[in-house]
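J.: I'll drop the sequence and a predicted model, then ask my questions.
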Amino acid sequence: MARADGTDKGVETGDADGGPHEGVSDMRLTGLLGADTPTVYPALRELRARHLPSVLAYARQCTTSESTARQIAAQAFTLAARETARGVDPGVPVRPHLLLLTTRLAAAWARDERSGGVDTGLLLVLNTAGPEGPVPPLLTAFQSLPTRTQGLLWYGAVEQEPEDRTATFLGVGRQDVAYGVPQALKAMAQASLRSRLAASDDPRCGDFRRLIEEAVRPDHPRPSSDLHTHMAHCGHCTAAFEEQSALRDHPRTALAEGLLPWGGTAYVTRRPAEPRPGPRARAAAWSPSRRYALASAALGVALAPLLLFLVTPGGDLQDQHAAGAAPAPAPPVEVTVTATVPVTPPPPSPSATSRPPSPKPTPSPSRTAPPKPDPTPTHTPTYPPGAAYAQVVNVATGRCLDVAGDFDNGTDVVTAPCGSAATQRWRVDSYRGVLQSAADPDFCLDSRGSVEKGVGIWTCSSVEGRNGRNLTFTVDPDGVIRPAVALATGLAPNADGDLSLTPLTGSTTQRWRAGDA
């Protein structure tokens, strides 16, 4: 049901009414998203009901207005659903995955004309830590734990959800949650300590693991003079000791800060399930500049098309700009007003003979009708490759993806000067997760199953076969094309025009945009 302002009633608290999957675990629900059956919509509806309030609360921290927060939250669900449908394993439970996607989307906004919608504090962090934002220090250790342990940590320790609600999310019993959370905290402490010490180049650090564990014991800690002497010149062991102490004394905020790229403490101390304030309180909560942006956004932003896109299985992530996602509210534009003062001719002077009569003054064109200034050149918005056939242009080089030969399995794909050839036009089939050639739609981009063999083309029908992952790619909102065989890499051109799959850096070399159709 839609409200008067055009938003869905479930956008604040999720869908209030229970559905057929109300008691199903998150893992089962995400599995249903990959099935081409009528169960996709109810599963997505249930996931949204469970997690949208929290994702929206975090999006508000990352943005400058309510409309921008809702756009990014909706896009995070869309991106997560599409990745899940393609079989991409996020490596973390549903809600922290959505929160990480929220920061990733905010980082993409910060790199283009939508940066006015990103919180200034987050912009500063992104400018300091790089375009992809800071890497959460505990994320690697967290991902090394079993899925059930991760869920107990996030929902039980970080979110502090009720035990029965956590049990539903994880598909376990309530008693499993009550007894499992303390054990999960211990497992997390051990995993983070192993990860910290393994990152050190000093082989002696491993010998201090036992001393660090003894020094941070919750009952009867045993400090060691040898450990303190070593920590005086070892940053790894010092960080490990401080991290263990924080996990012991303040596990909730330590985990939130260690698993979210930004604003972890603020997220867990502001409960998303609290009743939303009334209109007057909401207006007072925003700073004056934010209230101005919010009022401006209210005139042109309609969320109904975006929410409709979110729950439509056939929607396409790369076309979210055309599917109702309104641009972020731009900063207020200074308007210069030129006042025109009417000139009244003076009355006839008695000494008119002393000087020639002045003609009736006419308004100066520069004062009464200032010429319209030439519009300031604006940055033309760029979008990632989408569902329509178009050139795939590298942002750094301006060259296009092109097939370097006849259409046959294994033919190389390279970059070449952009032209009108059909071999340079591609489309993203988000349902299958492939980049399809316009010159011969039977062929798709192929990663060749490795990061060291360049890329080529292969028959698209092979995506359903044993090596189908070789043809599967994820196109991020910022235009990074990532292969399913190595999601931590992106497609990038070499100096000679060939293509490589290189570790993600956030540079424009790994970003691609849709060119002329």
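T.: All right, it came through fine.
J.: CA atoms for contacts and neighbours, from now on please.
T.: Fine.
J.: and stretch 224-240, how far apart are its ends?
T.: 15 Å (Cα to Cα, to the nearest Å).
J.: Also stretch 257-265?
T.: First-to-last residue span, stretch 257-265, Cα to Cα: 6 Å.
J.: Now do the strands in the protein.
T.: In the chain, strands defined by DSSP state E lie at 390-394, 400-403, 413-416, 425-429, 434-437, 443-446, 456-459, 473-475, 481-483, 489-493, 499-503, 512-514, listed in chain order.
J.: Figure out which of those strands is closest to residue 70.
T.: Closest approach to residue 70 among those is made by strand 473-475 (21.7 Å; Cα to Cα).
J.: Name the strands paired with that closest one and say parallel or antiparallel.
T.: strand 481-483 (antiparallel) (DSSP bridges).
J.: which residues make contact with stretch 495-508 from outside it?
T.: Under the contact criterion Cα atoms under 8 Å, 6 or more residues apart in numbering, stretch 495-508 has outside partners 130-132, 394-396, 413-416, 451-455, 488-494, 510.
J.: now the strands of the chain in TSV, with mean neighbour count and distance to residue 224?
T.: Output for the strands of the chain, formatted as TSV (neighbours: other Cα atoms under 10 Å; distance: least, Cα to Cα, whole Å):
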stretch	mean neighbour count	distance to residue 224
strand 390-394	26	56
strand 400-403	25	60
strand 413-416	22	59
strand 425-429	25	59
strand 434-437	26	57
strand 443-446	27	56
strand 456-459	23	58
strand 473-475	26	50
strand 481-483	25	47
strand 489-493	24	43
strand 499-503	20	41
strand 512-514	26	54
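J.: Tell me how far residue 435 lies from residue 30.
T.: Taken as Cα to Cα, the span from residue 435 to residue 30 is 24 Å.
J.: Equivalent analysis for residue 179, please.
T.: 26 Å.
J.: Compare the two (neighbour count), which wins?
T.: residue 30 (20 against 11; other Cα atoms under 10 Å).
J.: if I pick residue 144, what's in contact with it?
T.: Shown in contact with residue 144 (Cα under 8 Å, 6+ apart): residue 191.
J.: quick one: it and residue 188, what's the gap?
T.: To residue 188, residue 144 is 9 Å away according to Cα to Cα.
J.: Check residue 172 too.
T.: Here residue 172 is placed at a distance of 20 Å from residue 188 (Cα to Cα).
J.: more neighbours, these two?
T.: Counted by other Cα under 10 Å, residue 172 and residue 188 do not tie: residue 188 has more neighbours, with 24 against 14.
J.: Just the pLDDT for that one.
T.: Note for residue 188: predicted pLDDT of 94.
J.: so what's it closest to, chain neighbours aside?
T.: residue 142 (6.7 Å; Cα to Cα, 6 or more residues apart in numbering).
J.: how about the one you found, what does it touch?
T.: Contact partners of residue 142, counting by Cα under 8 Å, 6+ apart, are 150, 188, 191-192, 259.
J.: out of these, which are inside helices?
T.: Within the contacts of residue 142, residues falling in helices by DSSP state H are 150, 188, 191-192, 259.
J.: Would you format the residues you listed as CSV with distance to residue 87 included?
T.: Output for those, formatted as CSV (distance: Cα to Cα, whole Å):
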residue, distance to residue 87
150, 20
188, 27
191, 27
192, 28
259, 23
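J.: Pull out the buried residues from the residues you listed.
T.: By neighbour count, with 16 or more other Cα atoms under 10 Å, the ones in helices among the contacts of residue 142 hold 150, 188, 191-192, 259 as buried.
J.: Of those residues, just say which sits nearest to residue 478.
T.: Closest approach between these and residue 478, by Cα to Cα: residue 259, at 22.7 Å.
J.: Thanks a lot, see you next time.
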